[in-house]
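> Structure here, sequence nowhere to be found:
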């Protein structure tokens, strides 16, 4: 039996262990937990609470998106769609 999903999207939790900030290897999960616990209102406040965003700065738009998702009440994180190949999805074993 395959662990690959057959229908729908991957859930947010399957991507939360990936680094959001590659410079300092800060996972998305750590940033989300920080936002939920400390409730920073601005990107500057979030940067002061985490190591994320202090290197090259490429992750700052993603950090801002997580803040906006939190304050708007939307689910936090990113979804990766399952690729569907013309009709039914198939597992590796199929």
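Cool, got the structure. The structure presented is a predicted model; accordingly, all values stated were derived computationally and were not measured.

> element containing the closest residue in space to residue 43 that isn't next to it in sequence, please.
Distance criterion Cβ to Cβ, 6 or more residues apart in numbering; nearest residue to residue 43, sequence neighbours excluded, is residue 64 at 5.2 Å. C-beta coordinates here come from the backbone N, C-alpha and C atoms, glycine included. Assessed by DSSP states H and E, residue 64 sits inside helix 60-72.

> Any stretches of this protein with poor pLDDT?
1-16, 78-94 (pLDDT under 70).

> which residues in it form helices?
28-38, 43-49, 60-72 (DSSP state H).

> Show me what the helix holding residue 64 is in contact with.
Outside helix 60-72, the residues that touch it by Cβ atoms under 8 Å, 6 or more residues apart in numbering are 20-21, 28, 31-32, 35-36, 39-43, 46-47, 52-53, 74-77.

> Quick one, which of those are buried?
Neighbour counting by 16 or more other Cβ atoms under 10 Å classes 20-21, 28, 31-32, 35, 40, 43, 46-47, 52-53, 76-77 among these as buried.

> Switch those over to JSON lines; also include distance to residue 60.
What follows is the buried ones among the contacts of helix 60-72, written out as JSON lines (distance: Cβ to Cβ, whole Å):
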{"residue": "20", "distance to residue 60": "10"}
{"residue": "21", "distance to residue 60": "9"}
{"residue": "28", "distance to residue 60": "14"}
{"residue": "31", "distance to residue 60": "11"}
{"residue": "32", "distance to residue 60": "16"}
{"residue": "35", "distance to residue 60": "14"}
{"residue": "40", "distance to residue 60": "13"}
{"residue": "43", "distance to residue 60": "6"}
{"residue": "46", "distance to residue 60": "9"}
{"residue": "47", "distance to residue 60": "8"}
{"residue": "52", "distance to residue 60": "8"}
{"residue": "53", "distance to residue 60": "5"}
{"residue": "76", "distance to residue 60": "16"}
{"residue": "77", "distance to residue 60": "17"}
